[in-house]
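Peer 1: Below: sequence and its predicted model.
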Amino acid sequence: MRHYPPRRIVCLTEETVETLYLLGEEDRIVGVSGYAVRPPRVRREKPRVSAFISADIPKILALEPDLVLAFSDLQADIMADLVRAGIAVHVFNQRDIAGILAMIRTLGALVGAAARADQLAAFYEQRLAAIASTPRPAKKPKVYFEEWDDPLISGIGWVSELIEIAGGEDVLPKLRFQQAAKDRIILPDVVLAAAPDVILASWCGKKVVPDKIRQRPGWSKIPAVRHDRIVEIKSPLILQPGPAALTDGLDAIVKALWPAYAGAADDSGDPA
């Protein structure tokens, strides 16, 4: 790293972009992932340099970053190329809510904004606790979260935790500990047997088609299908392990599970 705090940061996933904006450190960002949409002005303000598992290495190098931020083993090859080019990198690997909060605090420390980051993380902790303690009817709805449709892939760790915080019961809770999507592949009969009351779907950036879910063999027997409780949650809200999931993503789950209480959650994503 040429400077501390780094003055020129490239973010290859969206959650670090949103976090830096929330910390008031967006001027340090010189390049972002093409999937970065929060806040909306990022698409006007910052050049796009990557998809998720691919990146324009020459474009990144031309930006002369002090630090490049990435997420998970899926971006390991990109980061290896950057390390070989002499660039300082930091790869986050958060897969649960505790990891998201740790990411926020770590990122704050990296940019010299540790106190502000701790305040932001503490705000989210309080928000999660408040929503988790909201009185709900005694019967928890059983929830199946679908991250992909072919093959069927269930929700990752933080999604499962957010379902529980929202007052639901994840029908496949043991799969939350499987970090890799390939280890969360399930057969349709597993969902049929689980008989969820609500199906939440977010197909990794692809538009969810509820009719395709309804038409799966035997699924007409599932309570969620019978009662038309198939709800899409947009990928930017729930499939990035950062502030969006803890705010708008969680609120979308609450709304889907408890339509009568849809206005109960605080929609603020920033304590400032």
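Peer 2: Done, it's in. Nothing here was measured: the structure is a model prediction, and the numbers come from that model.
Peer 1: which stretches of this protein aren't confidently modelled?
Peer 2: Scanning the chain for pLDDT under 70 picks out 1, 261-272.
Peer 1: Show me where it has its strands.
Peer 2: With DSSP state E as the definition, the chain shows strands at residue ranges 9-11, 29-33, 48-50, 67-71, 89-92, 142-149, 152-154, 169-170, 185-186, 198-201, 230-232.
Peer 1: Pull up the pairing partners for the fourth one, direction included.
Peer 2: What it means is strand 67-71. Paired with strand 67-71 in the same sheet, following DSSP bridges, are strand 9-11 (parallel), strand 89-92 (parallel).
Peer 1: Deepest-packed of those, please.
Peer 2: strand 9-11 (a mean of 29; mean count of other Cβ atoms under 10 Å). (Glycine included, C-beta is placed from N, CA and C.)
Peer 1: Run a quick neighbour tally on the nearest residue in space to Gly34 that is not next to it in sequence.
Peer 2: In space, and not counting its chain neighbours, Gly34 is closest to Arg48: 4.4 Å by Cβ to Cβ, 6 or more residues apart in numbering. Around Arg48 sit 15 other residues, with neighbours defined as other Cβ atoms under 10 Å.
Peer 1: What of Arg8?
Peer 2: 17.
Peer 1: I figured it hits Val68, correct?
Peer 2: No - Arg8 is not in contact with Val68 according to Cβ atoms under 8 Å; the separation is 9.7 Å.
Peer 1: So which of the strands of the chain is nearest Val42?
Peer 2: For the strands of the chain, proximity to Val42 was assessed by Cβ to Cβ; strand 29-33 is nearest, at 6.2 Å.
Peer 1: OK, contacts around the residue most central in space within the chain?
Peer 2: By Cα atoms, centre = their mean, the chain has its centre lying nearest to Gln240, at 2.2 Å. Neighbour list for Gln240: Thr13, Glu14, Glu15, Glu18, Tyr35 [criterion: Cβ atoms under 8 Å, 6 or more residues apart in numbering].
Peer 1: Tell me the one of those nearest Phe177?
Peer 2: Taking Cβ to Cβ as the measure, Phe177 sits nearest to Glu15 out of the contacts of Gln240, at 20.6 Å.
Peer 1: Give me the neighbour count for the residue nearest to the closest one when sequence neighbours are not counted.
Peer 2: Excluding the flanking residues, the one nearest Glu15 by Cβ to Cβ, 6+ apart is Gly242, at 2.5 Å. Neighbours of Gly242 under the rule other Cβ under 10 Å: 25.
Peer 1: For Leu22, see how far away Gly242 is.
Peer 2: 9 Å (Cβ to Cβ, to the nearest Å).
Peer 1: And for Arg229?
Peer 2: Arg229 is 32 Å from Leu22, by Cβ to Cβ.
Peer 1: Among these two, which residue is more densely surrounded?
Peer 2: The neighbour comparison of Arg229 against Leu22 (other Cβ under 10 Å) goes to Leu22, with 24 against 19.
Peer 1: Go ahead and confirm that one touches Ala244.
Peer 2: No - using Cβ under 8 Å, Leu22 makes no contact with Ala244, being 10.4 Å away.
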